[in-house]
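1. My questions concern the predicted model and sequence given below.
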Amino acid sequence: MAVSPPPRVLTIAGSDSGGGAGIQADLKTMLALGVHGMSVLTAVTAQNSLGVQGYWELPAEAVRAQYRSVVDDIGVQAVKTGMLASVTLVETVAELLADCPAPVVVDPVGVSKHGDPLLAAEAVATVRDRLLPHATLATPNLHEVAQLTGITVLEEGEMRPAADALLAHGPRWVLLKGGHLPGEAADLLAGRDGEEYWFRSPRYDNRHTHGTGCTLASAIAAELAKGSPMPEAVAAAKEYVTGAIRGGFALGAGIGPVDHGWRIRH
């Protein structure tokens, strides 16, 4: 009996040698949520629980060849972007996604959990002007919002205007992650047509949260590939990520990863 393939999701991101974030987190998340994960590697990092010790970009032609190899033969139901590192790679990925028929989730990665830069300063404007117009959804944290728009969000009431500033650059939806604000963790999903959905979750006293942003964006892409409308996709992804944060565990001497396999272990 022929077995139907699961939905296919492509991540375009960097490798995390410690296995907590990047391509590794994306593929673990996709497996946990029942989709087939595929990858386009943009950069290789030397990274552990203490931080990023270095990274090396792949040539643009290698990124382009990986993408065409997967999309032209296997096809995709959703795409997620993460670490793109440089102006050249952002431009390359933007060109590739210009005619992508599937939903595109852009995680505009600027720095790692440890504060190490993963995007050249001169590439921020390229992300804003070239990549965001191709995004079905952008998933910035508040630091990335400030990078992209110049708007510093200090309280929950300032999140919608910041989301609108990002929407003006072309994405259909923006998920503004308010985890760095005091109080209850609140994220805002804002749509170009005025839609507004709030997602609130308890905070867990757990410092091992490496890979949270990558995991959330990949989880949303997985749910979109399965056919969920955007609000439902975000809700399901948030439920998965909240459990992963709750299960985060210590590795090495620094910040450990979230637990991508928490549903298997609990």
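-> Yes, it's here.
2. buried stuff in the longest strand seen in the chain?
-> Ranked by residue count and defined by DSSP state E, the top strand of the chain is strand 36-48. Residues 36, 37, 38, 39, 40, 41, 42, 43, 44, 45, 47, 48 are the ones in strand 36-48 that count as buried (16 or more other Cβ atoms under 10 Å). The way it works is simple: take the backbone N, C-alpha and C, and place the C-beta from them, glycine included.
3. May I have the strands that pair with it, each with its orientation?
-> In its sheet, strand 36-48 lies beside strand 8-16 (parallel), strand 51-57 (antiparallel), with partners assigned from DSSP bridges.
4. CA atoms only: put the first one into CSV for me.
-> Looking back up the chat, that one is strand 8-16. Extracted in CSV, the C-alpha atoms of strand 8-16 (Å, rounded to 0.1, in the frame of the first residue of the first chain):
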residue,chain,number,x,y,z
ARG,A,8,6.8,19.3,3.5
VAL,A,9,8.4,22.3,5.2
LEU,A,10,11.7,23.9,4.1
THR,A,11,13.9,25.8,6.6
ILE,A,12,16.5,28.3,5.2
ALA,A,13,18.8,29.0,8.2
GLY,A,14,22.1,28.5,9.8
SER,A,15,23.4,25.4,11.6
ASP,A,16,23.8,25.3,15.4
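5. still on that earlier bit, same list (the buried residues of strand 36-48) but as TSV, adding pLDDT and distance to residue 58.
-> Supplementary listing: the buried residues of strand 36-48 in TSV, determined by pLDDT from 0 to 100; distance: Cβ to Cβ, whole Å:
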residue	pLDDT	distance to residue 58
36	98	23
37	98	19
38	98	16
39	98	12
40	98	9
41	98	6
42	97	6
43	96	6
44	97	7
45	95	12
47	94	16
48	94	21
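6. Looking at those, which two lie furthest apart in space?
-> Maximum pairwise distance in the buried residues of strand 36-48, criterion Cβ to Cβ, is 28.6 Å, between 36 and 48.
7. ok, which stretches of the stretch 101-250 of the chain are helices?
-> Counting by DSSP state H, counting those that start in this stretch, one finds helices in the stretch 101-250 of the chain at the ranges 124-126, 142-149, 159-167, 212-225, 230-246.
8. Mind giving me the packing neighbours of the shortest one?
-> Where contact means 3 or more Cβ pairs under 8 Å, 6 or more residues apart in numbering; DSSP states H and E, helix 124-126 is packed against helix 87-97.
9. If you average the pLDDT over the helix it packs on, what comes out?
-> Here helix 87-97 scores 97 as its mean pLDDT.
10. what sits up against that helix?
-> Contact partners of helix 87-97, identified using Cβ atoms under 8 Å, 6 or more residues apart in numbering, comprise 12, 42-43, 57-58, 60, 63-64, 67-68, 79, 81, 84, 104, 120, 122-123, 126-127, 130-131, 134.
11. Now do that helix against strand 36-48: the angle between them, please.
-> Angle, helix 87-97 to strand 36-48, by axes from the mean of the first three to the mean of the last three Cα atoms, to 10 degrees: 170 degrees.
12. Is residue 249 in contact with residue 259, as I believe?
-> Yes: with contact defined as Cβ atoms under 8 Å, residue 249 counts as touching residue 259 (6.1 Å).
13. So the two - more neighbours on which side?
-> residue 259 (23 against 11; other Cβ atoms under 10 Å).
14. Please identify which helix or strand holds that one.
-> Using DSSP states H and E, residue 259 is not contained in any helix or strand.
15. show me what contacts it?
-> By Cβ under 8 Å, 6+ apart, residue 259 lies in contact with 243, 244, 246, 247, 248, 249, 265.
16. do the same with residue 5
-> Applying Cβ under 8 Å, 6+ apart to residue 5 gives the contacts residue 36.
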